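Q: from the sequence below, what's the structure:
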Amino acid sequence: MSKKETIFVHLPAYRDPELVPTIKSALENAKYPKRIHFGICRQYHPEDGFDNLDEYKNDKRFNVYECLYTEAKGLPWARAVINEQLMGDQDYILQLDSHHRFAKDWDVTLIEMHNQREKQGYKPILAAYLPLYTPFNDPGGRTMEPWQQQFVCFYPHGTIFIRPGLLTGWQDMTEAPFSRFLSGHFCFARTEWARTIKHDPDIYFSGEEINLTVRSYTHGYDMFHPHKLVVWHSTMREERSGMLKWDDDAKRGVDWWNKQDYARRKIRCLFKTEDGIDLTGYDLGTVRTLEDYENYAGVCFKHRTVQKHTLENNYPEANFGPWSKSFYHLVTVHRSELPADDYTSILIAFDDEEGIGVHSRSIDGHQLQQFLNNNGPIHFEEYFDYFDKEPKRMVAWGYSEKRGWTERIEHKI
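A: Okay, the predicted model is just below:
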């Protein structure tokens, strides 16, 4: 890290008690804290107090945009405010959320990882679903192994469900491995990336990551998982229970759901599976095509299919078959449909047209007891991928130790 290299830390904070601890951790653990600059979009409630930034307002390293929480318009909007209004001439950007902890010398480590790949001719973005820390048990609750982004399934609205998983083999890696997806809460790149790939304020929340992923790739950027422990992220929401953006919008009667639907339409237009929305300023790049990304990642947006290589979480390799399809279903079984009191488990199965099983899971334990005690229906999201047999019906089948297989219901899909 040369004496002149600086990092712009990008923090959108919506009523977050972890904002100030995040800033302190970044500064305390940086090798060169004077080279760390902050752009913060603080969306605050006057009665909170925990995210007050007065102690930093005379520090030239801090650029802060503040607005009342009632004026906030969603996460990508806040990110756009930061990059377009607060970012200076720093060399690198570290895009985060606002609830993080940092490893010692994180600034040097990130630049070294990035530049190792850059010297090989890539335009790198280090991106990851970061390992977990727990605000109520830190540092004891930290996950001490790097994570990666993994494909799960296509949602019915056309975007991709991405989840974290272990970065397999990280202990023996000498450089950051390739990734299929960007993460919203951790991206490290040259600031040129942030100036080129602008955040679309029409996206309320869902879909932000796959939008950035495809646009970045088609603009010529290359994605890598960091293979070292550098930053941790909190996915817990107990400390913000009831005061997340969608919580506050719902309380005030704001129709955030239609905002989500419009954003998803816009993303489908980006993927060429729908049209009718102008994407000027937020469209695909011209260095690579959408098809190039699909071949690289092993996904097809039009047919909502995925390659086996991708499902197995192997590192990206173009044209690797065979292709599977994603299935998503919101399972709901009401008590009146399975009325007995002696079930020891309930099978939820998905069958093809001929009644041959494609996928199944068992309902037992606490979830079963809630159902038996009339504390609500069996209700959950089920998703999986299949190759040949297409699910056509959902079956819920009770099992009793005394009676064996008992009442059975069937819903067509």
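Q: so what's Gly398 up against?
A: The contact partners of Gly398, by C-beta atoms under 8 Å, 6 or more residues apart in numbering, come to Leu338, Ala340, Tyr343, Ser345, Ile346, Leu347, Trp405, Thr406, Glu407, Arg408. The way it works is simple: take the backbone N, C-alpha and C, and place the C-beta from them, glycine included.
Q: could you work out the most separated pair of those?
A: Largest separation among those by C-beta to C-beta: Ala340 and Leu347, giving 14.2 Å.
Q: name the helix or strand for Gln148, please.
A: Element membership for Gln148 (DSSP states H and E) is strand 147-154.
Q: got the contact list for that strand?
A: By C-beta under 8 Å, 6+ apart, strand 147-154 touches 127-131, 160-168, 179-183, 225, 297-299, 304, 306, 310-311, 313, 326-328, 383-385.
Q: and the contacts of Gly398, which are buried?
A: In the contacts of Gly398, burial by neighbour count holds for Leu338, Tyr343, Ile346, Leu347, Glu407, counting by 16 or more other C-beta atoms under 10 Å.
Q: my read: the second one touches Thr406, true?
A: It refers to Tyr343. Yes: contact criterion C-beta atoms under 8 Å: Tyr343 and Thr406 qualify, at 7.2 Å.
Q: Arg215: which of the contacts of Gly398 is nearest?
A: Nearest to Arg215 out of those is Leu347 (C-beta to C-beta; 42.7 Å).
Q: counting by contacts, list what the one helix or strand the closest one maps to packs against.
A: Leu347 belongs to strand 345-351 when assigned by DSSP H and E. Secondary-structure packing of strand 345-351 (3 or more C-beta pairs under 8 Å, 6 or more residues apart in numbering; DSSP states H and E): strand 323-333, strand 357-363, helix 365-372, strand 378-386, strand 393-400.
Q: contacts only, for the closest residue in space to Lys302 that isn't next to it in sequence.
A: Closest residue in space to Lys302, ignoring its immediate chain neighbours: Thr273 at 5.5 Å, by C-beta to C-beta, 6 or more residues apart in numbering. Contact analysis of Thr273 by C-beta under 8 Å, 6+ apart lists Gly158, Phe301, Lys302.
Q: who wins for neighbours among those residues?
A: Among the contacts of Thr273, the one with the most neighbours (other C-beta atoms under 10 Å) is Phe301, at 21 neighbours.
Q: ok, that residue touching Glu274?
A: No: here Phe301 does not reach Glu274: they are 10.2 Å apart, not a contact under C-beta under 8 Å.
Q: which neighbours do these two share?
A: Gly158.
Q: re the thing from before, filter the contacts of strand 147-154 down to the ones in helices?
A: Residues of these located in helices (DSSP state H): Ala297, Thr310, Leu311.
Q: so which of the residues you listed wins on neighbours?
A: Within those, most neighbours by other C-beta under 10 Å means Ala297, with 23 neighbours.
Q: give me the number of residues near the residue lying closest to it once chain neighbours are set aside?
A: Nearest residue to Ala297, sequence neighbours excluded (C-beta to C-beta, 6+ apart): Arg180, at 4.2 Å. Arg180: 24 surrounding residues under other C-beta under 10 Å.
Q: what segments of the stretch 1-150 of the chain are helices?
A: Counting by DSSP state H, counting those that start in this stretch, the stretch 1-150 of the chain has helices at residues 19-29, 75-81, 106-118.
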